[in-house]
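Chemist: got a predicted structure here, sequence first:
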Amino acid sequence: MRSEPAKKETLGRSLTLTGEIVADPDRTAKISSPIAGRLERVAMKEGALVKKGDVLAELRVPDLGRVRGALASSTARAKAARANEARLKGLLESKLTSEQSYLDAKGEADARDAEARALALELAGLGAGGAEGGVLLSLRAPLSGSVVARDAVIGQPVSPEQVLGQITDLGQVLFLGRVFEQDLASLAVSARAEVLLNAYPRTPFLGVVEGIGQKVDPGARTVVARIRLENPNGVLRLGLFGKGLVAISDPTTTDPVLVVPRSAVVELAGKTVVFVEERPDTFTRHDVTLGASAPGRVQVLAGLREGEPVVVAGAFTLKSLLLKGSLAEDD
């Protein structure tokens, strides 16, 4: 639990942006095959969590057997050529062969090694490993996250340009808000923001403006503003629609009003309440009336006095205790 005194301050203006939750492209990977084949097995399921390196699908690739066979053959020839080089080196030291014969053998061994390395790199590029194995190619997760899309069925022919699925790390997401031209001058990168989604109208998500687009949508005459949001519980699903309140600079001044952090306010039995710490580990409920708001802050019109220590971290825990009858109320 953490408390801080309710205080008066100037509640800045905010700009309202409509938008939706999207994936962070830097936390997203498209799943595809580096070579044509046919799907033998599909292990990924939409909505499932996967870890980096997990097998998502297996692809039957006839050419894979050919490359593996060529690598095995090339590796054997390279080994024989290197042995012949060593033999001729011994004969050269005993003056039983010419230096040119030794150099020819060394060149042959180097060429065989280079050929084997090239084939090994080709297999590695396909994600198939070494010479051992059959004609099945495993497609693995390039990062940890959730499977947010799947377009793959067993027996399906696959080409390299085809996307079979998408994995996104949803630990952080982006809210893309639309900014009208006339509001661009008042918006700034790093401005505090508060996102309210239609799915969770009473649960604000705090973030900051990470970036502002450089291109105006010719139809809507808007620019996109990116607001980064933490999503540790996974409740922020892609495509959720809502609005973002972004703090903006305001040349006009207003009188200070009594405000509390948004995290101090909870809904209880249809009423808006905050918890005041009367003394250590003793809390009372105060029904409050709210007024204007800004990102992360909200005005209190009634039910609270300036200086009273309001719980700003742990209010939901106190709400749960109160519902269980473990906390005395102050009506």
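Modeler: Great, that's in hand.

Chemist: quick check, residue 318 in a helix?
Modeler: Yes - assessed with DSSP: H, G, I helix; E, B strand; the rest coil, residue 318 lies in a helix.

Chemist: where does pLDDT dip in the protein?
Modeler: Scanning the chain with the threshold set as pLDDT under 70 gives 63-67, 70, 119, 122-134, 249-254, 325-331.

Chemist: can you give me the helices for it?
Modeler: Read by DSSP state H, the chain holds these helices, from start to end of the chain: 62-93, 99-125, 315-323.

Chemist: quick one, the first one and helix 99-125 angle?
Modeler: Right, the one you point to is helix 62-93. Computed by axes from the mean of the first three to the mean of the last three C-alpha atoms, to 10 degrees, the angle separating helix 62-93 from helix 99-125 equals 160 degrees.

Chemist: now helix 62-93: buried residues?
Modeler: 64, 67-68, 70-71, 74-75, 77-78, 81-82, 84-85, 88, 92 (16 or more other C-beta atoms under 10 Å). All C-beta spots, glycine's among them, are computed from the backbone N, C-alpha and C.

Chemist: summarise which helices and strands it is packed against.
Modeler: Packed against helix 62-93, as judged by 3 or more C-beta pairs under 8 Å, 6 or more residues apart in numbering; DSSP states H and E, are the following elements: helix 99-125.

Chemist: and the helix it packs on, what's buried?
Modeler: Using 16+ other C-beta under 10 Å as the burial criterion, the residues of helix 99-125 that qualify are 102, 105-106, 108-109, 112-113, 115-116, 119-120, 123.

Chemist: now tabulate those in TSV and tack on distance to residue 277.
Modeler: Rendered in TSV, the data for these read as follows (distance: C-beta to C-beta, whole Å):
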residue	distance to residue 277
102	88
105	86
106	83
108	84
109	80
112	78
113	74
115	76
116	72
119	71
120	66
123	65
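
Chemist: what would the helices of the chain look like in JSON lines with distance to residue 294?
Modeler: As requested, these are exported to JSON lines (distance: least, C-beta to C-beta, whole Å):
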{"stretch": "helix 62-93", "distance to residue 294": "60"}
{"stretch": "helix 99-125", "distance to residue 294": "53"}
{"stretch": "helix 315-323", "distance to residue 294": "19"}
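
Chemist: out of these, which gets nearest to residue 28?
Modeler: helix 99-125 (22.0 Å; C-beta to C-beta).

Chemist: coming back round to it: for residue 175, find the nearest of the helices of the chain.
Modeler: helix 315-323 (22.3 Å).

Chemist: contacts for the closest one, please.
Modeler: 1, 263-266, 268, 273-275, 283, 285, 311, 327, 329 (C-beta atoms under 8 Å, 6 or more residues apart in numbering).

Chemist: the same query, at a cut-off of 7 Å, please.
Modeler: Counting by C-beta atoms under 7 Å, 6 or more residues apart in numbering, helix 315-323 makes contact with 263-264, 266, 268, 275, 283, 285, 311, 327, 329, all of which sit outside it.

Chemist: and these, which is closest to residue 178?
Modeler: residue 263 (27.0 Å).

Chemist: number of nearby residues for that closest one?
Modeler: Burial measure for residue 263: 18 neighbouring residues, criterion other C-beta atoms under 10 Å.

Chemist: what's the answer for the one 4 residues further on, then?
Modeler: Each residue near residue 267 was counted by other C-beta under 10 Å, and the total is 11.

Chemist: repeat for the one 4 residues further on
Modeler: Residue 271 has 12 neighbouring residues, counting by other C-beta under 10 Å.

Chemist: so what's the closest residue to it other than its chain neighbours bridging to?
Modeler: Excluding the flanking residues, the one nearest residue 271 by C-beta to C-beta, 6 or more residues apart in numbering is residue 287, at 5.1 Å. With DSSP bridges as the criterion, the beta-bridge partners of residue 287 are residue 273.
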